[in-house]
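Trainee: Make a model of this:
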Amino acid sequence: MGKKQSLAWSYTQTPGDERNICYITSSRLYITHRNREHFYEMENVRALDVKHKVLLFPALVGGIAAPLLMVAGFNGVGNIWLMITLAFFGLLAVYFGLAGMDTLTVTTPVKEFDFFLMHVNPFLKKYTSFVNEVALAGNLENYFFLLPDRKAWEMARKEGVYRVPKDGALLLTRNNIPPELGVKELLQITDPLGNGLRISFLSTQSGTIRPYIFSDIPIDLLKPIAH
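Mentor: Below you'll find the model as predicted:
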């Protein structure tokens, strides 16, 4: 499985870095972090979020060790400069622990799985919002409507297959069609994911995520719906 077969994907850190990427299919959430792939069944995922978390362990260890090392150094236990140096690193641990790091967090009924991010891709928060509001909320089926091209629809009635352009066809909800288009009919696609049709949610230049279909559609999967 890869991003080309996914419904929607986003780099998690630096754009173009294939070692750090997140994508979803109709049944799974995949996260490739530092070139290692992890996956979760969508039915077990409650949320996908970008969070900022304090690193308690280094903050706690540094907070305990730094004063003890300082006291030991000034009381002649070991080399004083070594103790001061170690105490300094302890203070750095406290600083970085309290400063925290950004994470990509997968919430499941059992626990939260954190993937620490050195940099956050600016698009990632919009992507996680889409996953939460559309994919995890069970709203994918609301996008499976096609604004028919008249010639393609006429040919489909003759050939039995609706031909989709090579660069894809935009899918719509029944509620996001501008009234000025005067659309009177939509084509509802029956269970496109279950029938193996290729659909991808792609980002526009404005950062909006829009769904496109790239597979030709058998006519028996299309149902005209009055709009």
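
Trainee: Tell me how the chain divides into domains.
Mentor: Here the chain is described, according to automatic domain parsing, as comprising the domains 8-48+106-138, 56-99, 141-226.

Trainee: got those as CSV, with mean neighbour count and mean pLDDT columns?
Mentor: For the C-beta atoms, the positions are set from N, CA and C on the backbone; glycine is no exception. Below are the domains of the chain laid out as CSV (neighbours: other CB atoms under 10 Å; pLDDT from 0 to 100):
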stretch, mean neighbour count, mean pLDDT
domain 8-48+106-138, 16, 90
domain 56-99, 15, 75
domain 141-226, 14, 82
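
Trainee: Helices along this structure, start to end?
Mentor: Counting by DSSP state H, the chain has helices at residues 56-74, 80-99, 124-130, 150-159.

Trainee: What lies in contact with the longest one?
Mentor: Okay, so that is helix 80-99. By CB atoms under 8 Å, 6 or more residues apart in numbering, the list of residues contacting helix 80-99 from outside reads 54-63, 65-67, 69-70, 72-74, 77.

Trainee: try 6 Å
Mentor: Applying CB atoms under 6 Å, 6 or more residues apart in numbering, the external contacts of helix 80-99 come out as Leu55, Pro58, Ala59, Gly62, Gly63, Ala65, Ala66, Leu69, Met70, Ala72, Gly73.

Trainee: check contacts around the last one.
Mentor: Contact criterion CB under 6 Å, 6+ apart gives Ile80, Met83, Ile84 as the residues in contact with Gly73.

Trainee: Over to the fifth one?
Mentor: Residues in contact with Gly63 (CB under 6 Å, 6+ apart) are Val94.

Trainee: switch to 10 Å and redo it
Mentor: By CB atoms under 10 Å, 6 or more residues apart in numbering, the contact set of Gly63 is Gly90, Leu91, Ala93, Val94, Gly97, Leu98.

Trainee: related to what we said a few turns ago, output the contacts of Gly73 in JSON lines; the columns should cover distance to Asn121.
Mentor: Output for these, formatted as JSON lines (distance: CB to CB, whole Å):
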{"residue": "Ile80", "distance to Asn121": "46"}
{"residue": "Met83", "distance to Asn121": "42"}
{"residue": "Ile84", "distance to Asn121": "40"}
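
Trainee: Per-residue pLDDT of His227, please?
Mentor: At His227, the model reports a pLDDT of 59.

Trainee: Renumber starting at 12 from here on
Mentor: Sounds good: first residue 12 from here, last item His238.
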